[in-house]
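Q: Sharing a model prediction with you, sequence too.
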Amino acid sequence: MQIDFTRPLLAIDTSTSHLSLALSAGNQIFSRHLEAGNRQSEWILPQIQELFAEAGIGAADLAAIVYAQGPGAFTGLRIGIGVAQGLAAPFDTPLIGIPCLDAVAFQIQADCVLAATDARMGEVFYAWFDTVNHRRLSDAQVGAAAAIEPPAAAKQSQGIGNAFALAEPPPFAGRTDMPTAADYLVLAQSGRYPAIRADEAALLYVRDKIALTAREQAERKQNSAL
């Protein structure tokens, strides 16, 4: 599916506690990046409407809607994809899903980048990239930060993502920077990510179980203390 990137493009990232939005229209970028906590569902549509008003467009004018595909905060991801599908469906607007670790990694240019983000429960989401040549060096994974190993024959690595702000970060040098929706726009405009129909959109999960029961959480905490 071909996208005319000269037309307006909206990006939605709700994969963290922030509500991050970016709208490309008329050679300008209109954006919001707010600490939303558990109020993303309350704020997202009013903030999008404000961006539309600033740009002087409506949902019908969008060439595509970009959304954070995951991995990330489960509830936030569901809010983001739901809003993207709701805005797209009446106008058959295509969606472009960007894996969250791609957005993290491509903040820097290096031939061996570890993108790592906080997955809660004592774990991190991570993947390795060659951002110079636009290649993934590993699949997205989840696990203990200390257990991360570089890909075979990897050169000196650079790390990036909020996992490097944790009390027990990955055992590599890294920055704590996280992307905003404007970074998702840039990746979408590269043309390397497919545009799909709204009803085909899906999220990227790397955990087999999205939520643990209270008993399982208690057992995990007990085991981690041993």
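A: Structure received.

Q: all strands of the protein, in order?
A: Ranges of strands in the chain, per DSSP state E, are 9-13, 18-25, 28-35, 64-70, 95-99, 113-118, 124-130, 135-136, 141-143, 158-160, 174-175, 195-196.

Q: out of those strands, nearest to P151?
A: Among these, strand 124-130 comes nearest to P151, with 5.1 Å by Cβ to Cβ. Bear in mind the C-beta positions are built from the backbone N, C-alpha and C, glycine included.

Q: mind listing the helices for this structure?
A: Assigned by DSSP state H, the helices in the chain fall at 40-55, 74-88, 100-105, 181-189, 214-224.

Q: Identify all contacting residues around stretch 134-145.
A: For stretch 134-145, the external contacting residues (Cβ atoms under 8 Å, 6 or more residues apart in numbering) are 71, 99, 101-102, 112, 116, 119, 122-130, 151, 154, 163, 166, 168-171, 190, 192, 204, 206-207.

Q: Now do the end-to-end distance for it.
A: Stretch 134-145 has an end-to-end distance of 24 Å (Cα to Cα, to the nearest Å).

Q: Number the chain from 12, please
A: With 12 as the first residue, the last one maps to stretch 145-156.

Q: coming back round to it: which of the strands of the chain sits closest to I68?
A: strand 29-36 (5.5 Å).

Q: Neighbouring strands of that closest one in the sheet, and parallel or not?
A: Next to strand 29-36 in the sheet, as set by DSSP bridges, lie strand 20-24 (antiparallel), strand 39-46 (antiparallel).

Q: could you dump those strands to JSON lines with mean pLDDT, mean neighbour count and distance to L88?
A: Shown next, in JSON lines, are these (pLDDT from 0 to 100; neighbours: other Cβ atoms under 10 Å; distance: least, Cβ to Cβ, whole Å):
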{"stretch": "strand 20-24", "mean pLDDT": "98", "mean neighbour count": "28", "distance to L88": "10"}
{"stretch": "strand 39-46", "mean pLDDT": "97", "mean neighbour count": "15", "distance to L88": "17"}
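
Q: Ok, which of those strands comes nearest T86?
A: For the strands paired with strand 29-36, proximity to T86 was assessed by Cβ to Cβ; strand 20-24 is nearest, at 13.9 Å.

Q: so where is this structure shaky, pLDDT-wise?
A: Within the chain, the segments meeting pLDDT under 70 span 219-237.

Q: Point to the residue nearest the middle of it.
A: Closest to where the C-alpha atoms of the chain average out (Cα atoms, centre = their mean) is C111, at 2.8 Å.

Q: surely that one meets G81?
A: Yes: if you go by Cβ atoms under 8 Å, C111 and G81 touch, sitting 5.7 Å apart.

Q: Can you check which residues contact both of those two?
A: Residues touching both C111 and G81 (Cβ under 8 Å, 6+ apart) are S26, L215.

Q: OK, contacts around the closest residue to N144 other than its chain neighbours?
A: What sits nearest to N144 in space, not counting adjacent residues and going by Cβ to Cβ, 6 or more residues apart in numbering, is D122, at 7.1 Å. Residues near D122 by Cβ under 8 Å, 6+ apart: D141, T142, V143, N144, K166.
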